[in-house]
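Asks: Fold the following for me, if possible:
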Amino acid sequence: MEADIYAPGAPHLSDYIDGALGPDTAFDTTHGIHADGVSPSTASLPAGWRTRLFPIRNPNTNGATGWCIEVHDIAIAKYAAGRDKDLRYTGDLWRYGMLEPDALRQRLRNTELKPTDKPRTWIADTIARQQRVTSVRP
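Replies: Next up is the predicted model:
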């Protein structure tokens with residue numbers, strides 16, 4: 001129901017994105033989805049994340065190209081934030097078979113965490129716990 005949007009050529013636009021497309025805007029009310037304007041400092045991402053971005057461009061994008069964060073990179077950012085909604089998201093990534101434990105461990109080693117992030121040991125333990133819980137589900 002939401003997407004984070006970053007304008008790499010104009011990071012100052014994050015406030016405009018929030019105002020035009022954010023929660024409780026006319027866009028949200030009309031379409032039932034909203035966007036949050038973000039910047040590179042919003043999330044703790046593993047080193048090299050920009051080299052792993054992948055393009056989304058199809059008839060639904062009306063010719064525009066969106067660059068998406070690779071799934072292991074976004075998972076590490078979600079674990080670092082550690083909010084309930086983030087852990088539901090990472091749990092779903094496990095359930096849909098989208099995560100590889102070795103890739104997550106490597107990305108975690110290559111992530112500079114902020115003081116406001118969850119501790120590295122908490123993240124590693126949470127990854128292991130979610131992997132165990134989802135590996136026993138059909």
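Asks: The nearest residue to residue 20 once chain neighbours are set aside: neighbour count?
Replies: Closest residue to residue 20 apart from its sequence neighbours, by C-beta to C-beta, 6 or more residues apart in numbering: residue 27 at 6.5 Å. In this view, the C-beta of every residue, glycine as well, is placed from N, C-alpha and C. Neighbour count for residue 27, taken as other C-beta atoms under 10 Å: 15.
Asks: which parts of the helix or strand where residue 27 lies are buried?
Replies: Element membership for residue 27 (DSSP states H and E) is helix 26-31. Neighbour-count burial for helix 26-31, counted by 16 or more other C-beta atoms under 10 Å, picks out residue 28.
Asks: For that helix, give me every contacting residue.
Replies: 20-22, 34-35 (C-beta atoms under 8 Å, 6 or more residues apart in numbering).
Asks: Quick check: the two most widely separated of the residues you listed?
Replies: 20 and 34 (10.0 Å; C-beta to C-beta).
Asks: Listing request: residues of the protein with sub-threshold pLDDT.
Replies: Counting by pLDDT under 70, the chain has low-confidence residues at 135-138.
Asks: related to what we said a few turns ago, out of the contacts of helix 26-31, list just those in strands.
Replies: Counting by DSSP state E, the part of the contacts of helix 26-31 found in strands is 34-35.
Asks: Just the buried ones among the contacts of helix 26-31, please.
Replies: 21-22, 34-35.
Asks: what would those residues look like in a markdown table with distance to residue 76?
Replies: Below are those laid out as a markdown table (distance: C-beta to C-beta, whole Å):
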| residue | distance to residue 76 |
| --- | --- |
| 21 | 26 |
| 22 | 25 |
| 34 | 24 |
| 35 | 22 |
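Asks: What is the nearest of those to residue 47?
Replies: Nearest member of the buried ones among the contacts of helix 26-31 to residue 47, counting by C-beta to C-beta, is residue 35, at 26.4 Å.
Asks: nearest residue to that closest one other than its sequence neighbours?
Replies: residue 21 (3.9 Å).
Asks: check contacts around the one you found.
Replies: Contacts of residue 21 (C-beta under 8 Å, 6+ apart): 5, 27-28, 34-35, 37.
Asks: With distance to residue 101 added, can I get the residues you listed in a markdown table?
Replies: Listed next are those as a markdown table, based on distance: C-beta to C-beta, whole Å:
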| residue | distance to residue 101 |
| --- | --- |
| 5 | 30 |
| 27 | 38 |
| 28 | 36 |
| 34 | 33 |
| 35 | 31 |
| 37 | 32 |
